[in-house]
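Trainee: This is the structure alone, sequence omitted:
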Ligand code: TTP
Ligand code: MG
């Protein structure tokens, strides 16, 4: 008994964490992200495409955009959200393949099942991306090597695809780590090394720092995470308010956000910030379709939702949020049709910088009992 206690105190002292914090808990968070997801699936299913530049995206004639490109095509400068027309100009030898969302969704479900076999604490972020909280299985990220390699092997065997994995004591560092050695990478950041790991990165890698905040920080001479970490907190507070201090915590490698499995979510949403403002309706419809397709699998895992929300951000940063409660459960089909209709009624035609779509107002599992309660309460709460 005593030996165990001593061992765990040693472990705590060995890390650089503040073991006197009341909520101290060493976490082991894994971030999994498949490599060039859509185009890898296309190359898997059509051997003629292997080793070739492949672009998965919309038709250039109808202002389609690139969903993703194989690594062969990325070498030519092709990237997600670029107009397909531009992509084909950069890489004329590329094979353009229309997206097959149904197939991607199936693979996504296979991946999700593999994640859930490891832990119920899985937070899906996209078709090909999730956070897993392995804290109750592993006492430190440095012990995650075998699990991560086994998961990569299983993904390869079950889906024929490669994944990149990052493991760290929090979500921010795990996510950055999964990106560090793409493709087919595995990066483990030992506890205590978070701050140094993030230090050289541009500040936009931190959650909550978008292009606008990045510009504001740059105007104040802050470009790197290390500079944000070292800045005078009083100055940050005066200049950027409470957010400045939150960014600094992230910059110092501190991120306490929990991994939130679907069922506990209050709202599930996805959004895209476009690399350039978009004013073509067809392109915006295509972007909306991608968001619907990404929400689809999450929608099925989550409790039934009553409401969906559309978010539009214009080039001048004016943001409009429109909510609709269709009077029936928001299924993928309801969402697809409803989102397009709501978009057409809400958009004023000016260029958009961002498009977002979310579902909320979930019906709890015990809705039957709850509605009885509601009626009961209503009848008792008369004047
Ligand atoms: P990502 O994980 O961002 O990209 P990726 O898997 O293609 O490549 P990487 O190796 O860098 O992880 O997105 C996953 C899929 O989501 C991607 O294959 C296609 C789709 N997607 C879009 O449709 N539009 C977009 O703008 C982005 C970024 C992704
Ligand atoms: Mg990916």
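Mentor: Received, thanks. This one's a predicted model, so the numbers in the text were calculated from it and none came from an experiment. Ligands and ions are numbered 1, 2, ... in the order given.
Trainee: Which SSE is immediately downstream of the helix or strand hosting residue 111?
Mentor: Residue 111 is part of helix 101-118 when elements are defined by DSSP states H and E. With elements assigned by DSSP H and E, the helix or strand that comes after helix 101-118 is strand 122-126.
Trainee: how distant is stretch 91-110 from the center of its chain?
Mentor: In terms of C-alpha atoms, centre = their mean, to the nearest Å, the centre of stretch 91-110 is found 19 Å from the chain centre.
Trainee: Strands of the stretch 1-150 of the chain, start to end?
Mentor: In the stretch 1-150 of the chain, the strands defined using DSSP state E, counting those that start in this stretch lie at 29-34, 54-57, 66-69, 95-97, 122-126, 129-133.
Trainee: Give the buried residues for the longest one.
Mentor: In terms of neighbour count (16 or more other C-beta atoms under 10 Å), strand 29-34 has its buried residues at 29, 30, 31, 32, 33, 34. Using the backbone N, CA and C atoms, a C-beta is placed for each residue, glycine as well.
Trainee: SS state for residue 361?
Mentor: Per DSSP: H, G, I helix; E, B strand; the rest coil, the local secondary structure of residue 361 is strand.
Trainee: Tell me the spacing between the residue in the stretch 101-250 of the chain that ligand 2 sits nearest to and ligand 1.
Mentor: Among the residues of the stretch 101-250 of the chain, residue 128 lies nearest to ligand 2; the distance is 4.5 Å by C-beta to the ion. Residue 128 is 5 Å from ligand 1, where distance means C-beta to the nearest ligand atom, to the nearest Å.
Trainee: Can you tell me the closest non-neighbouring residue to residue 148?
Mentor: Once flanking residues are discounted, residue 148 sits nearest to residue 165: 4.7 Å by C-beta to C-beta, 6 or more residues apart in numbering.
Trainee: who touches the helix or strand where that neighbour lies?
Mentor: According to DSSP H and E, residue 165 maps onto strand 163-168. With contact meaning C-beta atoms under 8 Å, 6 or more residues apart in numbering, strand 163-168 is reached by 28-35, 134, 141, 144, 148, 151-152, 155, 173-189, 194, 197.
Trainee: Now narrow those residues to whatever sits close to ligand 1.
Mentor: Residues of those in contact with ligand 1 (C-beta under 6 Å from any ligand atom): 33, 34, 35, 182, 183.
Trainee: Just put the residues you listed in JSON lines and tack on distance to ligand 2 and pLDDT.
Mentor: Converted to JSON lines, those look like this (distance: C-beta to the ion, whole Å; pLDDT from 0 to 100):
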{"residue": "33", "distance to ligand 2": "4", "pLDDT": "98"}
{"residue": "34", "distance to ligand 2": "5", "pLDDT": "98"}
{"residue": "35", "distance to ligand 2": "6", "pLDDT": "98"}
{"residue": "182", "distance to ligand 2": "8", "pLDDT": "96"}
{"residue": "183", "distance to ligand 2": "9", "pLDDT": "96"}
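Trainee: List the residues that contact the residue nearest the centre of the chain.
Mentor: Centre of the chain computed as the mean C-alpha position; nearest residue by C-alpha atoms, centre = their mean is residue 125, 3.8 Å away. Counting by C-beta under 8 Å, 6+ apart, residue 125 makes contact with residue 131.
Trainee: Also residue 310?
Mentor: With C-beta under 8 Å, 6+ apart, residue 310 has these contacts: 321, 322, 323, 324, 339, 342, 343, 346, 355, 356, 357.
Trainee: roughly how far apart are it and residue 287?
Mentor: Distance from residue 310 to residue 287, counting by C-beta to C-beta, to the nearest Å: 12 Å.
Trainee: can you check residue 346 too?
Mentor: Taken as C-beta to C-beta, the span from residue 346 to residue 287 is 14 Å.
Trainee: more neighbours, these two?
Mentor: residue 287 (23 against 14; other C-beta atoms under 10 Å).
Trainee: so that one is in which element?
Mentor: Going by DSSP H and E, residue 287 is in helix 281-301.
Trainee: Could you list every helix and strand in contact with that helix?
Mentor: helix 101-118, strand 122-126, strand 267-278, helix 332-346, strand 352-362 (3 or more C-beta pairs under 8 Å, 6 or more residues apart in numbering; DSSP states H and E).
Trainee: Does it reach ligand 1?
Mentor: Yes - if you take C-beta under 6 Å from any ligand atom as the test, helix 281-301 does meet ligand 1, through residue 290.
Trainee: hmm, that helix touching ligand 2?
Mentor: No - shown here: helix 281-301 not in contact with ligand 2 (C-beta under 5 Å from the ion), separated by at least 11.9 Å.
Trainee: the inter-axis angle of that helix versus helix 332-346?
Mentor: 140 degrees (axes from the mean of the first three to the mean of the last three C-alpha atoms, to 10 degrees).
Trainee: Can you give me every residue that contacts residue 259?
Mentor: Per C-beta under 8 Å, 6+ apart, neighbours of residue 259: 29, 121, 122, 123, 131, 132, 133, 171.
Trainee: Doesn't it belong to a helix?
Mentor: No - the assignment for residue 259, made by three-state DSSP, is coil rather than a helix.
Trainee: Would you mark the buried spots in the strand or helix carrying residue 213?
Mentor: If you go by DSSP H and E, residue 213 is part of helix 211-219. Counting neighbours by 16+ other C-beta under 10 Å, one finds that the buried residues in helix 211-219 are 213, 214, 217.
Trainee: Appreciated, that's everything.
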